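Asker: show me the folded form of this:
(one chain, ligands or ions: 1)
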Amino acid sequence: MAYNPGINLDLEWVQKTAINLPAVNRRAATLPTKRTVKKAWQAAWLLRAVTCIDLTTLSGDDTFSNVQRLCYKAKHPIRDDLLEAMGMHDAGITVGAVCVYPSRVPDAVKSLKDAGKSYVPIASVATGFPAGQTPLATRIEEIKMAIEMGATEIDIVISRTKALHGDWQEIYDEVSACKKACGEGVHMKTILGTGDLGTLTNVYKASLVAMMAGSDFIKTSTGKEGVNATLPVGLVMVRAIRDYYHKTGYKVGFKPAGGIRSAKDACTWLALMKEELGNDWLNNQLFRIGASSLLTDIERQLYHYVTGRYAAAHQLPMA
Ligand SMILES: O=C[C@H](O)COP(=O)(O)O
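Answerer: Next up, the predicted model:
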């Protein structure tokens, strides 16, 4: 999994950001159209996408039962007979992680233990998710509690208020404090809440500051903003990751999240990673997709690949 120790805040680099909006939009528009993978290649891409999913439930009405179903699905994401038909039965395919609220971490710990041998990490959102409008001390405490309960990945949110004011030093200090609370063994993903940031220039600046402060991954959205993961935003973020890598040698992961629901979307995001960052970023150590319902469509497409028919809902029980 990505580990980024961070660097000192380089405000000069942050401030000189300039984004060419028409160029970003043009490039983003080509991504869903230029690369079409078909048949066995498509099935392989979809299985790769499965291993990169942070299978998520983040609802006020989450209960032990739906976390339990999610965890079972995380360990058995694709029906055995379909995997067998593709010769992937013994490949140990699971999703990248399950992602839940801190209070549901103990449910996930128990459910994953009960659901079989394979290991699936638990990611917990923290720091007053989704708005981040709680005092820093409370946010830090939340991280520590989630880790104590069993989370090994923490998804924090930045203060969009501070980003909109251009308080990059304060964001750097807060994200650094969160990283310190995570410690070295726990991976930290930093959610920028890009739908709240107003401009792509702010998205690039927030990406850089989050990485300088030691984020192991940068993540687009909480899934709760009005606009979540879009390709122009994704493009700006992965280019920030590339620039940071070229300057520091540290590889930071990327997690688009929110509104990613179709197998085709998953292939487009994989294509973005391949074309902009290369094959090193095409695995769950450096790429995750945060999604609650994407797996359903991927399993449906794989069912179609194997059988030539589309499955009825009851044939693909989903978390
Ligand atoms: O981080 C993950 C998102 O909250 C999931 O959003 P979604 O329900 O739109 O897939």
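Asker: skip ahead from the helix or strand containing residue 265 and say which helix or strand is next.
Answerer: Per DSSP states H and E: residue 265 is located in helix 263-276. Counting by DSSP H and E, the element after helix 263-276 in chain order, helix or strand, is strand 289-291.
Asker: quick one: mean pLDDT over that following strand.
Answerer: The average pLDDT within strand 289-291 is 98.
Asker: over to stretch 150-158?
Answerer: Stretch 150-158 comes out at a mean pLDDT of 98.
Asker: go on, stretch 194-202?
Answerer: Stretch 194-202 comes out at a mean pLDDT of 97.
Asker: and residue 218, helix, strand or coil?
Answerer: Three-state call for residue 218 (DSSP: H, G, I helix; E, B strand; the rest coil): strand.
Asker: now it, which residues is it bridged with?
Answerer: Beta-bridge pairing for residue 218 (DSSP bridges): residue 190, residue 254.
Asker: mind listing what's buried along stretch 277-291?
Answerer: Using 16 or more other C-beta atoms under 10 Å as the test for burial, stretch 277-291 gives 277, 281, 282, 283, 284, 285, 286, 287, 288, 289, 290, 291. Where you see a C-beta, it was placed from the backbone N, CA and C, and this is true even at glycine.
Asker: give me phi/psi at the first one?
Answerer: Main-chain torsions, residue 277, degrees, to the nearest 10: phi -120, psi -20.
Asker: what parts of the stretch 151-300 of the chain come near the ligand?
Answerer: 222, 223, 257, 258, 259, 260, 290, 291, 292, 293 (C-beta under 6 Å from any ligand atom).
Asker: who wins for most neighbours among those?
Answerer: residue 290 (31 neighbours; other C-beta atoms under 10 Å).
Asker: so that residue touches residue 255, yeah?
Answerer: Yes. The criterion here is C-beta atoms under 8 Å, and residue 290 meets it with residue 255 at 5.5 Å.
Asker: between these two, which contacts overlap?
Answerer: 54, 219 (C-beta atoms under 8 Å, 6 or more residues apart in numbering).
Asker: just the residues of the stretch 151-300 of the chain next to the ligand: which are in strands?
Answerer: Per DSSP state E, strands hold the following members of those: 290, 291.
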